[in-house]
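Asks: Give me coordinates for this.
(chains A and B)
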Amino acid sequence: MSDVPTPTQSPQRSRANGGGGAAAGKPATTQPPNAADAEMLARAQAGDHQAFAQLYALHKRRIYSLCLRMVGNVAEAEDLTQEAFLQLHRKIATFRGDSAFSTWLHRLAINVVLMQLRKKGLSLISLDEAMEPNPEEGPSRSFGAPDLTLTGTIDRLVLEHAIADLPAGYRLIFILHDVEGFEHNEIASMLDCSIGNSKSQLHKARLKLRDALRAQNRLEARP
Amino acid sequence: MNDDFSKMSCVEFQDRMAELIGSGEDLTAHPHVKDCADCRALLADLQTIAEAARQLFPSVEPPDEVWEHIESAIKRGD
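Replies: Next up, the predicted model:
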């Protein structure tokens, strides 16, 4: 086992945006690092393994949670977290402080997830489908009667399942925008797609979720 | 695209929803929303979904094995 102290323990102090996804707003902290963080980072960049372990302890929860949200699978999220931190280990010396370290690491982790999804054949470019919805695949444009609206409470588990059941591309953009708090221009840049595509896929994802939640409501309303 | 909100069709308004929801704009005052009960209901649903999603996904600790694998890989020089 490790001779490095407590990398698997959580840091004692809280982190900005350390929990709760986009409830905390933007994807990563914009707070300036304190002196101890800066020193730890500098030591990790210089190859200090103990400092790297401390960085892991500080950021593991946020990165693992991000991976888990994006892929919706525990085993994959663990592999992706591992890969993200291995990439961090390889690239940490290239971090120049142009952005907050946590923002930089967040982007790195997202890129790791995206690479994995692309390897699995995820196509993010489906604007044609967005413009010409396939009734078999896309959400309906129908509105439904007011008695079927969702306003009020949404069952947390039902929503979680509905998100997990979204096609991968829809889920990705929904998570990045509505949960992680990225803007469409940032998503378009990350996914190498147009801003219009990002908006269109987000809208379709929300409509699909609405369809799924309304279907559940209908089931529960049956006598 | 019709940028005159008061003359938007439902389809045009829906096409703008992805950027309008979460933008901070008070959409209840949007001219089309005021006049269209269907879009008002749709908007309320999508806003509810977006808000509920933000409350999901508590942050989770990875299992200790993840660090053990990372450390092993680093020691191997991966």
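
Asks: any idea which helix or strand of chain A has the worst average confidence?
Replies: Ranked by mean pLDDT, DSSP states H and E, the weakest helix or strand in chain A is helix A:127-131, scoring a mean of 36.

Asks: could you point out which element follows that one?
Replies: Later in the chain than helix A:127-131, the nearest helix or strand by DSSP states H and E is helix A:156-164.

Asks: and that following helix, what other elements does it pack with?
Replies: helix A:168-174, helix A:195-221, helix B:37-54 (3 or more CB pairs under 8 Å, 6 or more residues apart in numbering or on different chains; DSSP states H and E). For the C-beta atoms, the positions are set from N, CA and C on the backbone; glycine is no exception.

Asks: Tell me the buried residues in that helix?
Replies: For helix A:156-164, the buried set under the neighbour-count rule, 16 or more other CB atoms under 10 Å in any protein chain shown, comprises A:158-159, A:162-163.

Asks: again with stretch B:13-29
Replies: Of all the residues in stretch B:13-29, those buried under the rule 16+ other CB under 10 Å are B:13-22, B:27.

Asks: send the alpha carbons of that stretch over as CSV?
Replies: What follows is stretch B:13-29, C-alpha atoms only, in CSV (Å, rounded to 0.1, in the frame of the first residue of the first chain):
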residue,chain,number,x,y,z
PHE,B,13,-40.3,30.1,-29.5
GLN,B,14,-39.5,26.4,-28.7
ASP,B,15,-36.4,26.7,-30.9
ARG,B,16,-35.2,29.5,-28.6
MET,B,17,-36.0,27.7,-25.3
ALA,B,18,-32.6,26.0,-24.9
GLU,B,19,-30.9,29.3,-24.7
LEU,B,20,-33.7,31.1,-22.8
ILE,B,21,-34.1,28.6,-20.0
GLY,B,22,-31.4,29.1,-17.4
SER,B,23,-30.4,32.4,-19.0
GLY,B,24,-31.7,34.4,-16.0
GLU,B,25,-34.3,36.1,-18.2
ASP,B,26,-37.8,36.3,-16.7
LEU,B,27,-39.6,34.2,-19.3
THR,B,28,-43.0,34.6,-17.7
ALA,B,29,-43.0,38.1,-19.1
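
Asks: Which residues does that stretch contact?
Replies: Stretch B:13-29 is contacted from outside by A:141, A:177-178, A:184, A:198-200, A:202-203, A:206, B:1, B:8, B:30, B:32-34, B:36, B:39, B:42-43, B:46-47, B:50, using CB atoms under 8 Å, 6 or more residues apart in numbering or on different chains.

Asks: Cheers, nothing more for now.
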